[in-house]
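**Q** Just to be clear, the model below is a prediction. Sequence and coordinates:
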Amino acid sequence: QGQLVESGGGLVQPGGSLRLSCAASGFTLDYYTVSWFRQVPGKEREAISCISSSTGPIYYTDSVKGRFTISRDNVKNTMYLQMNSLKPEDTAVYYCATDGDYSRCSSLVASQDYWGQGTQVTVSS
């Protein structure tokens, strides 16, 4: 059974940086699209970034373009989200996810096969 384990969330001041990690076990990330979502209370889970394969297209939602960077290390079987210039509106629970159709970047929650447990990111002074 596959599993994703997240780490790296926390409290940071506006303008600061955090790096989230998501380690996969029980399956190999090579053949999966990897994505990051986030969710705030009372709102739907939002797709914010996706990378469809080792060299495939990368997607960012407009609100994080230029500030967040998604990456993957297939040797370590881990994906990352580097978040810079954080804003209070980035406060949310962040989730990593994988999609077995590695030819696409889907923003649909229902398209994802595995989910991380979620990690809280709070941006506040």
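**A** Yes, it's here.

**Q** can you count the residues close to the closest residue to S103 other than its chain neighbours?
**A** Once flanking residues are discounted, S103 sits nearest to S52: 6.5 Å by CB to CB, 6 or more residues apart in numbering. Backbone N, C-alpha and C define where each C-beta goes, glycine included. A count of neighbours around S52, defined by other CB atoms under 10 Å, yields 20.

**Q** cool, A92 as well?
**A** So A92, with other CB under 10 Å, has 22 neighbours.

**Q** now do the one 10 residues further on
**A** The local packing of Y102 (other CB under 10 Å) involves 18 other residues.

**Q** Identify the residues contacting the residue nearest to S103.
**A** Residues near S52 by CB atoms under 8 Å, 6 or more residues apart in numbering: 33, 58, 102-105.

**Q** And for M83?
**A** Contacts of M83 by CB under 8 Å, 6+ apart are 17-20, 64, 67-68, 90, 121.

**Q** which one of the residues you listed is nearest Q3?
**A** Nearest to Q3 out of the contacts of M83 is L20 (CB to CB; 16.3 Å).

**Q** That closest one and Y80: what is the separation?
**A** Distance, L20 to Y80, using CB to CB, to the nearest Å: 7 Å.
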